[in-house]
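Engineer: Kindly return the folded structure for what I paste below:
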Amino acid sequence: MNPIRTDIFIGGRDGCHTFRIPVLAKTASEAILAFCEGRRNSPDDAGQIALLLRRSSDEGKTWPRRLVLQEGPAAYSDLVVTGEGDILCLFECGETRYHERIALARFSLEDLRQEQKKK
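Structural biologist: You can find the predicted model right below:
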């Protein structure tokens, strides 16, 4: 078997040493979301960690510019698409440490499209 492989997040690029804990979700409009932790300085659990997201609208063939959902500190996240099409991300975050609180970010696919157009 020779699956088609597409690199979505690559360590050492985009200001991150390592990418970890990936999650995929598919929206009702067939967009695929790839989400992960971007570990800025090392692969260690302690350190500057950002939550990152990419959206593909062509069944995973291309992945335009990444978006930062939470600059950090942040960790241990999960992503889900609701029946109404909202995207929910549950994650740990804080001002100085990633485990100060648990937050829920809610946004739409249109929000992602608009963010990608900004830059």
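Engineer: And the helices in the protein?
Structural biologist: 109-118 (DSSP state H).
Engineer: which residues of it score low on pLDDT?
Structural biologist: For the chain, the stretches flagged by pLDDT under 70 are 119.
Engineer: ok, 90 please
Structural biologist: 1-5, 13-15, 27-31, 42-49, 64-79, 83-85, 94-99, 108-119 (pLDDT under 90).
Engineer: now the strands for it?
Structural biologist: 18-26, 32-39, 49-56, 67-70, 74-81, 87-93, 101-107 (DSSP state E).
Engineer: on contacts alone, who are the packing partners of the second one?
Structural biologist: Looking back up the chat, that one is strand 32-39. Where contact means 3 or more CB pairs under 8 Å, 6 or more residues apart in numbering; DSSP states H and E, strand 32-39 is packed against strand 18-26, strand 49-56, strand 74-81. From N, CA and C alone the C-beta is placed, and that goes for glycine too.
Engineer: that older thread, got the strands of the chain as JSON lines, with distance to Gly11 columns?
Structural biologist: Listed next are the strands of the chain as JSON lines, based on distance: least, CB to CB, whole Å:
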{"stretch": "strand 18-26", "distance to Gly11": "5"}
{"stretch": "strand 32-39", "distance to Gly11": "9"}
{"stretch": "strand 49-56", "distance to Gly11": "12"}
{"stretch": "strand 67-70", "distance to Gly11": "17"}
{"stretch": "strand 74-81", "distance to Gly11": "17"}
{"stretch": "strand 87-93", "distance to Gly11": "21"}
{"stretch": "strand 101-107", "distance to Gly11": "24"}
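Engineer: Fine, thanks again, bye for now.
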